[in-house]
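[1] Could you work out the structure for the sequence below:
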Amino acid sequence: SKDILQQFLVEAITLSTIGGVLGILLGALGTWLVAELAEWRVNLSVFSIILAVGFSAIIGIFFGYYPAKKAAAMQPIQALRYE
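    Numbering: from 1, shown residues only. Just a heads-up that it's a prediction; the model follows:
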């Protein structure tokens, strides 16, 4: 059950971090395009990027813990019954 909990949490953290990184990349690209068209100067700090990726990982932990805990408490045969 500990392995299942760990697997679910790693998956949740990985998916939310990948989503955060993709969101940052798309947001930076969109910002750059708008800034070029409007002739604005944009400053994107490394700190804000690290903060956003860290926040995405924290969201993964927070919203992945309950399903992970619930899956870890199930018997494997019971979980397979619903497949």
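[2] any idea which residue sits dead centre in the chain?
    What sits nearest the mean C-alpha location of the chain, by C-alpha atoms, centre = their mean, is Ser16, with 1.0 Å.
[3] show me what contacts that one?
    Counting by C-beta atoms under 8 Å, 6 or more residues apart in numbering, Ser16 touches 56-57, 59-60, 63-64. In short, each C-beta sits where N, CA and C put it, glycine included.
[4] Show me which residues of stretch 12-28 are buried.
    12-13, 16-17, 20, 24 (16 or more other C-beta atoms under 10 Å).
[5] Then stretch 44-55?
    Val53.
[6] Helices of this protein, residue ranges please.
    Using DSSP state H, the helices found in the chain span residues 2-38, 46-73, 76-81.
[7] related to what we said a few turns ago, just the buried residues of stretch 12-28 now: which is nearest Lys70?
    Taking C-beta to C-beta as the measure, Ala12 is the one of the buried residues of stretch 12-28 closest to Lys70, at 12.5 Å.
[8] so what's the spatially closest residue to that closest one that is not a sequence neighbour scoring on pLDDT?
    Spatially, and ignoring its direct neighbours in sequence, Ala12 is nearest to Gly64 (2.5 Å; C-beta to C-beta, 6 or more residues apart in numbering). With respect to pLDDT, Gly64 has a value of 92.
[9] shift numbering so it begins at 82
    Let's use 82 as the start, then, which means that last one is Gly145.
[10] Contact partners for Gly145?
    Neighbouring residues of Gly145 by C-beta under 8 Å, 6+ apart: 89-90, 92-94, 97.
[11] tell me the least confident of those?
    For these, the least confident entry is Phe89, with 88.
[12] what sits against that residue?
    Phe89 neighbours (C-beta under 8 Å, 6+ apart): 145, 148-149, 152-153.
[13] Buried subset of those as a PyMOL selection?
    With 16+ other C-beta under 10 Å as the criterion, this PyMOL line picks the buried residues out of the contacts of Phe89:
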select buried, resi 145+149+153
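[14] quick check, nearest of the contacts of Phe89 to Ser82?
    For those, the nearest to Ser82 is Ala153 (4.2 Å; C-beta to C-beta).
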